[in-house]
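# give me a 3D structure for the following:
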Amino acid sequence: MYFVQKKTNFTVYIFLTLISMLILNCGITKYPEKIDFTLDLSNNDNENLIANGVQTTTFTVKIPKDASTKSIMLKTNYGQFLSIENKQEISIKAEEVEDNDTALVATAVLRVETLPGVGLVSAKVDDIEKLISISVDTAFASSLMGETSSGFVDSAGTTIATIRAHLKRNVGEGNVSQGIKVKFNAFQINAALDTIYGMGRFTNFGIGISDSSSVAAVNYAADTGDVTIGERIFITMTTKAKLGKPLTDTISVLAR
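Presented below is the predicted three-dimensional model:
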């Protein structure tokens, strides 16, 4: 009788132990092992990036060789990654390289915009994400050339001229950045008095801002009552140059 009771107690103990293990296991969630990875940034010849629309910088992502996930998602809010479609979001695959025995390596090339500023690039593997920032400076012009939409303006203001400053960089240096200021001024020469005086009016207070076509433009009207009819109006435009010295050009229109 005692033997039967002892055996029954042992059976109950085993049963309760199994039930407890089952309950505990139901509360366990197994998460995939996180992958530790690094994101390195390098750019051409260690020079500062400038917003010329052509310069590139290379991003390198490294993950352990035993990582189960080889796919890396790269995103940016500035420029475009060079790929088949040139997008701001691409997926790259980490692979073995000869000079690295401990990590798999993936690289991507980013081309800058023509708008200077600060951009972010993120690399994501599974649920791990790391960010790095890039600073892109202004690509100033190497030359400036003025242009007018009309060869004359009238004192009534019915004929105005659009004055354009075309900003350019040297061959092979890419484009001029957006957002560069150009200052416009207008004047006539009084030969009798040997004086130079300003007249007329510009839109935007005579400040033009370079656009994506590397052109800064303002409109000019001669309806302010201080223009000498029949004389030429000279319009100068000035902007900061690549080497720090100002660039200037002058064109003229006839006052009618």
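
# neighbours around residue 48, how many?
Applying other C-beta atoms under 10 Å, we find 9 other residues in the vicinity of residue 48. C-beta coordinates here come from the backbone N, C-alpha and C atoms, glycine included.

# quick one: the residue nearest to it when sequence neighbours are not counted and residue 214, what's the gap?
Using C-beta to C-beta, 6 or more residues apart in numbering and skipping residues adjacent in sequence, the residue nearest residue 48 is residue 137, 5.6 Å away. From residue 137 across to residue 214, the span is 16 Å (C-beta to C-beta, to the nearest Å).

# just for the protein, where's the confidence low?
Along the chain, segments meeting pLDDT under 70 span 1-47, 193-194.

# quick one: the helices in it, in order.
Secondary structure of the chain (DSSP state H): helices at 2-26.

# per-domain residue ranges of it.
Domain assignment for the chain, taken from automatic domain parsing, gives 38-137, 143-255.

# OK, contacts around residue 185?
198, 206, 235, 236, 237, 238 (C-beta atoms under 8 Å, 6 or more residues apart in numbering).

# the first one: neighbour count?
Counted with other C-beta under 10 Å, the burial measure for residue 198 works out to 13 neighbours.

# tell me which residue is most central in this protein.
The chain has residue 78 as the residue nearest its centroid, 3.9 Å off, counting by C-alpha atoms, centre = their mean.

# still on that earlier bit, name the nearest of the contacts of residue 185 relative to residue 50.
residue 238 (21.2 Å; C-beta to C-beta).

# any idea how far that closest one is from residue 198?
Distance, residue 238 to residue 198, using C-beta to C-beta: 14 Å.

# cool, residue 206 as well?
With C-beta to C-beta as the criterion, residue 206 and residue 198 are 10 Å apart.

# still on that earlier bit, so the residue nearest to the centre of the chain makes contact with residue 111?
No. Using C-beta atoms under 8 Å, residue 78 is not in contact with residue 111, being 10.2 Å away.

# mind checking which of residue 137 and residue 214 has more residues around it?
The neighbour count for residue 137 versus residue 214, taken as other C-beta under 10 Å, is higher for residue 214 (20 against 14).

# how about the contacts made by the residue nearest to the more buried one when sequence neighbours are not counted?
Nearest residue to residue 214, sequence neighbours excluded (C-beta to C-beta, 6+ apart): residue 176, at 4.1 Å. Applying C-beta under 8 Å, 6+ apart to residue 176 gives the contacts 52, 114, 139, 140, 141, 167, 168, 169, 210, 214.

# can you check residue 163 too?
By C-beta under 8 Å, 6+ apart, the contact list for residue 163 reads 146-149, 184, 202, 208, 217-220, 235, 237, 251.

# how near is it to residue 138?
22 Å.

# repeat for residue 48
Taken as C-beta to C-beta, the span from residue 48 to residue 138 is 10 Å.

# one more: residue 93?
Computed as C-beta to C-beta, the residue 93 to residue 138 distance reads 36 Å.

# who's more crowded, those two?
The residue with more neighbours, out of residue 93 and residue 138, is residue 138; 19 against 9, by other C-beta under 10 Å.

# so who does the more buried one touch?
50, 51, 116, 177, 179, 180.

# so the third one touches residue 53, yeah?
No. Proximity of residue 116 to residue 53 does not meet the contact threshold set by C-beta under 8 Å, at 11.1 Å.

# ok, back up a step: in PyMOL, how would I select the buried members of the contacts of residue 138?
Buried residues among the contacts of residue 138 (16 or more other C-beta atoms under 10 Å), as a PyMOL selection:
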select buried, resi 50+51+116+177+180
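
# how about the strands of the stretch 1-150 of the chain, start to end?
Ranges of strands within the stretch 1-150 of the chain are 38-43, 49-50, 56-64, 71-76, 80-81, 89-93, 95-97, 100-111, 117-125, 128-137, 143-148, based on DSSP state E, counting those that start in this stretch.

# what ranges does the stretch 151-256 of the chain have for its strands?
Under DSSP E, counting those that start in this stretch, the stretch 151-256 of the chain gives strands at 152-153, 161-168, 181-190, 195-198, 201-202, 207-209, 215-221, 232-240, 246-255.
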